[in-house]
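A.B. asks: Let me see the structure of the following:
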Amino acid sequence: MERLIAFLRARFSSEGLFGLHLTIGSVALIGSAWLFGGVAEDLITNDPLTFVDVIISEWFRTNATPSFTAKMTLVSAFASTATVLSLCIVASIFLLWKRRWYGLLALALVVPGGLLLNLLLKMAFARGRPDWGDVDLIGYSFPSGHTMAATLFYGLLGVFFIFRVTSWWWRASAAAFAFTIICAVGFSRIYLGAHYFSDVVAAVAAGTAWLAICLTAVETLRRHRQLSTRWTRADGTATLRILFLVSPWVALAFVLNLAWEMAHVRLYTIWAEADGLRVAWSVFHCSLGDVVIALAMFALAGMVLRRADWPLTHPWTGGAIVVIGAMAYTVWSEWHNVYRAGSWGYTADMPLIFGIGLSPLLQWLILPPAMVIAHRKLWPNRR
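C.D. replies: Take a look at the predicted model:
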């Protein structure tokens, strides 16, 4: 009984590595996953929810007015890809200026990862749209991309604000703002005939689940850093210390390269030749390959410098080794796969340098220094 009480106290404590933040994150994840699973099951089995979808959609189609349609189009634009990406860039610049590295990591995880998850879910369920509205419709319907983007970005913005203020009135206002704009975007997508009601509900559930996973992971990382500072100075075994150094490098490599792969996939012929599921798998597969390259270059820099902690002791020398090694491999890989094996090809929009795509070269020129800087900011100094 005493152990149970101690366990519960630890779960609801604001301190510790696995305290209240983990409890809240777990509850949010389980609840939203349960809701998404219920909606998805109804969709697959054609349960009554799908009939409710048709009834709601037909009612809006019959009662829509031009003036209100124009207003809903404006509301929907608050969660368009261009708007969300632009706001993410502004938020990233602000977080960099304020040196809020964990906030920047959370933003990098939540939005690009969540949008990729939305694409994978759309391809998995392949549900058609109502397709009666006046909006440009691309891709499948379930779950709603606009609504999920709003849940991810504005939900994250609300969480940032809640943790930065102490007044409960301002915290409630931030939560109400995020809730209102998410609901407004979701309603606009139904009204415009772009999505069914269940598409919107599933998008909110999936977005909330991903948001809970990312924020809980980042907060756990932050607390782990604080609690492990003393341990890393003296009493860790060599293997654990190396793992402790490599783990953030791997995480950063995956997040940054995933964002880059999502951004430049349109420069490859697979974007026009393959379906969405194959494109999503290609992006994910290439991101994993990038992680392997980054890990191999991390080991190469460690062997050359004879220091496993080179990001902290010799950051720019080690970073230069990573850049040179990764770019050399990329030149060979792009040449071999484009001109010899035919594994992929470039579109006319891809700038070329001696026949090699510029984008993959810039990828390994820009990302390794960013990873070194982030590694030093996110992880404690072990010297």
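A.B. asks: burial count for Arg189?
C.D. replies: Using other CB atoms under 10 Å, Arg189 has 30 neighbouring residues. The way it works is simple: take the backbone N, C-alpha and C, and place the C-beta from them, glycine included.
A.B. asks: right, and it touches Asp199 too?
C.D. replies: Yes: with contact defined as CB atoms under 8 Å, Arg189 reaches Asp199; the gap is 7.4 Å.
A.B. asks: where do the contact lists of those two overlap?
C.D. replies: Common neighbours of Arg189 and Asp199, using CB atoms under 8 Å, 6 or more residues apart in numbering, are 144, 147.
A.B. asks: these two touch, right, Arg61 and Tyr191?
C.D. replies: No: with contacts counted by CB under 8 Å, Arg61 stays clear of Tyr191, the gap being 9.5 Å.
A.B. asks: Between those two, which has more neighbouring residues?
C.D. replies: Set side by side, Arg61 and Tyr191 show more neighbours around Tyr191, with 23 against 13, by other CB under 10 Å.
A.B. asks: Tell me which residues touch that one, please.
C.D. replies: By CB under 8 Å, 6+ apart, the neighbours of Tyr191 are 60, 64, 68-69, 72.
A.B. asks: From those residues, which shows the smallest pLDDT?
C.D. replies: pLDDT across the contacts of Tyr191 is lowest for Ala64, at 81.
A.B. asks: burial measure for that one, as a count.
C.D. replies: Considering only other CB under 10 Å, Ala64 is surrounded by 17 other residues.
A.B. asks: can you check Phe51 too?
C.D. replies: 11.
A.B. asks: For the helix or strand hosting it, what is the distance to the chain centroid?
C.D. replies: According to DSSP states H and E, Phe51 maps onto helix 48-63. The chain centroid and the centroid of helix 48-63 are separated by 32 Å under CA atoms, centre = their mean, to the nearest Å.
A.B. asks: Same check on stretch 46-62?
C.D. replies: Offset of stretch 46-62 from its chain centre (CA atoms, centre = their mean): 31 Å.
A.B. asks: So which residues make contact with it?
C.D. replies: Contacts for stretch 46-62 (CB under 8 Å, 6+ apart): 39, 41-43, 130, 132, 190-191, 193, 196-199.
A.B. asks: Looking at pLDDT only, which of those scores worst?
C.D. replies: Trp132 (62).
A.B. asks: and Ala172, what element?
C.D. replies: Going by DSSP H and E, Ala172 is in helix 168-191.
A.B. asks: That helix to helix 48-63, inter-axis angle?
C.D. replies: Counting by axes from the mean of the first three to the mean of the last three CA atoms, to 10 degrees, helix 168-191 lies at 80 degrees to helix 48-63.
A.B. asks: Show me which positions of helix 168-191 end up buried.
C.D. replies: 171, 174, 178, 181-182, 184-191 (16 or more other CB atoms under 10 Å).
A.B. asks: could I get the residues you listed as JSON lines with distance to Leu358?
C.D. replies: Listed next are the buried residues of helix 168-191 as JSON lines, based on distance: CB to CB, whole Å:
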{"residue": "Arg171", "distance to Leu358": "46"}
{"residue": "Ala174", "distance to Leu358": "41"}
{"residue": "Ala178", "distance to Leu358": "39"}
{"residue": "Ile181", "distance to Leu358": "38"}
{"residue": "Ile182", "distance to Leu358": "38"}
{"residue": "Ala184", "distance to Leu358": "40"}
{"residue": "Val185", "distance to Leu358": "36"}
{"residue": "Gly186", "distance to Leu358": "39"}
{"residue": "Phe187", "distance to Leu358": "42"}
{"residue": "Ser188", "distance to Leu358": "38"}
{"residue": "Arg189", "distance to Leu358": "37"}
{"residue": "Ile190", "distance to Leu358": "42"}
{"residue": "Tyr191", "distance to Leu358": "43"}
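A.B. asks: farthest pair in these?
C.D. replies: Spanning the widest gap among these are Arg171 and Tyr191, at 30.3 Å by CB to CB.
A.B. asks: give me the element the residue minimising distance to the centre of the chain is part of.
C.D. replies: Taking CA atoms, centre = their mean, the centroid of the chain lies closest to Gly113, which sits 2.2 Å from it. Taking DSSP H and E as the definition, Gly113 sits inside helix 101-125.
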